[in-house]
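Participant: kindly return the folded structure for what I paste below:
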Amino acid sequence: MFELADPWSGGGPGPWILFVPFVWALVIVGVVTLLRRTVGRHGGPGRQFRGPQYSARTDAPSPVAVLGRRFAAGEIDEEEYWRRLSVLEEHFAAGPKGGAA
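Facilitator: Predicted coordinates for the structure are as follows:
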């Protein structure tokens, strides 16, 4: 009965049995890593997509965001803000949601 538990007596699974849990650990880590990359990149289920904060080409802030930041900082007045915003809307055909131009 003890022969199966003793790997050095010629019976039993031997020391290679420690390899099986190692392989399963690698499989689990691989699956978790793959899920974190795909779900984390696309927001996953239940998350709302808020859109990119930066333009896709250069990772620079959008012109409308820069204009809004300048207006909020007091660098330009309201008249200048609306004038430049209307020009941006003509060029990019996308203005702020709910805003009147």
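Participant: just the helices in the chain please.
Facilitator: According to DSSP state H, the chain carries its helices in the segments 19-42, 63-73, 78-92.
Participant: pull out the buried residues from the second one.
Facilitator: Neighbour-count burial for helix 63-73, counted by 16 or more other C-beta atoms under 10 Å, picks out 64, 67, 71. (C-beta placed from N, C-alpha, C; glycine too.)
Participant: over to the last one?
Facilitator: Neighbour-count burial for helix 78-92, counted by 16+ other C-beta under 10 Å, picks out 81-82, 84-85, 88.
Participant: and the angle from it to helix 63-73?
Facilitator: Helix 78-92 runs at 170 degrees relative to helix 63-73, counting by axes from the mean of the first three to the mean of the last three C-alpha atoms, to 10 degrees.
Participant: who are the packing partners of helix 78-92?
Facilitator: Applying 3 or more C-beta pairs under 8 Å, 6 or more residues apart in numbering; DSSP states H and E, one finds that helix 78-92 contacts helix 63-73.
Participant: the helix it packs on packs against which elements?
Facilitator: Partner elements for helix 63-73 (3+ C-beta pairs under 8 Å, 6+ apart): helix 78-92.
Participant: from the buried residues of helix 78-92, which single one is nearest Arg37?
Facilitator: Nearest to Arg37 among the buried residues of helix 78-92: Leu88, at 35.3 Å, using C-beta to C-beta.
Participant: my guess is the closest one meets Ala65, correct?
Facilitator: No - if you go by C-beta atoms under 8 Å, Leu88 and Ala65 don't touch, sitting 10.5 Å apart.
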